[in-house]
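In: Can you look at this prediction? I've put the sequence above it.
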Amino acid sequence: MELIQITDDKIDTKACIAYVGSADCGGIVTFIGTVRNQTKGKQVLWLEFEAYETMAIKEMSKIAEQAKTKFGVEKVLIHHRTGLVPIGEEAVVIVVTAPHRKEAFLACEFCIDTLKQTVPIWKKEFFSDGEVWVSAHP
Amino acid sequence: MEVEIIAFGIAKDILKTKKLTIEIAGHTSVAGLKKQLVTLYPEFKALVSLQLAVNASYVEDSYIIQTNDEVVLIPPVSGG
């Protein structure tokens, strides 16, 4: 396992947490973004994620480093899923460890917020009557 | 000179291909290339944003495209 990863396989959140946990960090904050079954009331069948992988890994690593510098947290793990993802499964898992909880919460929120703005990954929603690239149009 | 453009997400649907080679003038900036692409494919105008990445990094609009640059079209991202 790596701290920063893009994978076509199901993300194992428990294994991610175990990977970064350490005796000197008393706070572990985990964000799990899962696939929702609806968007604006319309039923979603599944999602597909596409990544510009080399750049996405670079941008995700940058976010992890910024989080460490900004909030003084110990470790940051960011795993993002690609390919078809069924309802309820993890699309993204972020785990932040720190000696104390406050910094870990702040850093975790910073990571997911920044990821959504800068990391070149695209999400397509599939409906019974078609498919849409999310956020592409106003 | 020729430049190869790689597209992801909705940009791939607009170009109707993953990779496209187009002819650009020497000293073409990122802004210039974007303008050229929007003229060729007006559907790009309807997007919330359109960025170009060069060699796996975001670049300024003033960046001049070099031979052998990896140029990638970045439509609005939606990870997470």
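Out: All right, it came through fine.

In: And A:Asp24, how far from chain B?
Out: 29 Å (Cβ to the nearest Cβ, to the nearest Å). Any C-beta I mention is one placed from the backbone N, CA and C, and that applies to glycine too.

In: Could you check how far the residue lying closest to B:Tyr63 once chain neighbours are set aside is from A:Lys58?
Out: Once flanking residues are discounted, B:Tyr63 sits nearest to B:Val30: 4.7 Å by Cβ to Cβ, 6 or more residues apart in numbering or on different chains. Using Cβ to Cβ, to the nearest Å, we find B:Val30 at a distance of 18 Å from A:Lys58.

In: higher neighbour count, the two?
Out: Between B:Val30 and A:Lys58, counted using other Cβ atoms under 10 Å in any protein chain shown, the more crowded position is B:Val30 (21 against 17).

In: show me the contacts for the more buried one.
Out: Counting by Cβ atoms under 8 Å, 6 or more residues apart in numbering or on different chains, B:Val30 makes contact with B:52, B:54, B:59-63, B:65.

In: Could you export the residues you listed as CSV, including secondary structure and neighbour count?
Out: Formatted as CSV, those follow (DSSP: H, G, I helix; E, B strand; the rest coil; neighbours: other Cβ atoms under 10 Å in any protein chain shown):
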residue, secondary structure, neighbour count
B:Leu52, strand, 21
B:Val54, strand, 18
B:Val59, coil, 17
B:Glu60, coil, 9
B:Asp61, coil, 12
B:Ser62, coil, 9
B:Tyr63, coil, 17
B:Ile65, coil, 21
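
In: what's the closest of those to chain A?
Out: B:Val54 (10.1 Å; Cβ to the nearest Cβ).

In: Quick one: residues contacting that closest one.
Out: B:30, B:63, B:65, B:69-72.

In: Report the rounded mean pLDDT for the helix or strand harbouring A:Leu47.
Out: Using DSSP states H and E, A:Leu47 sits within strand A:46-51. When pLDDT is averaged over strand A:46-51, the result is 98.

In: Dump it to PDB, restricted to CA.
Out: Output in PDB follows, covering the C-alpha atoms of strand A:46-51 (Å, rounded to 0.1, in the frame of the first residue of the first chain):
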ATOM      1  CA  TRP A  46     -23.600   3.900 -10.500                       C
ATOM      2  CA  LEU A  47     -20.700   6.200 -11.100                       C
ATOM      3  CA  GLU A  48     -17.700   6.100 -13.200                       C
ATOM      4  CA  PHE A  49     -14.400   7.900 -12.300                       C
ATOM      5  CA  GLU A  50     -11.700   8.800 -14.800                       C
ATOM      6  CA  ALA A  51      -8.300  10.100 -13.700                       C
END
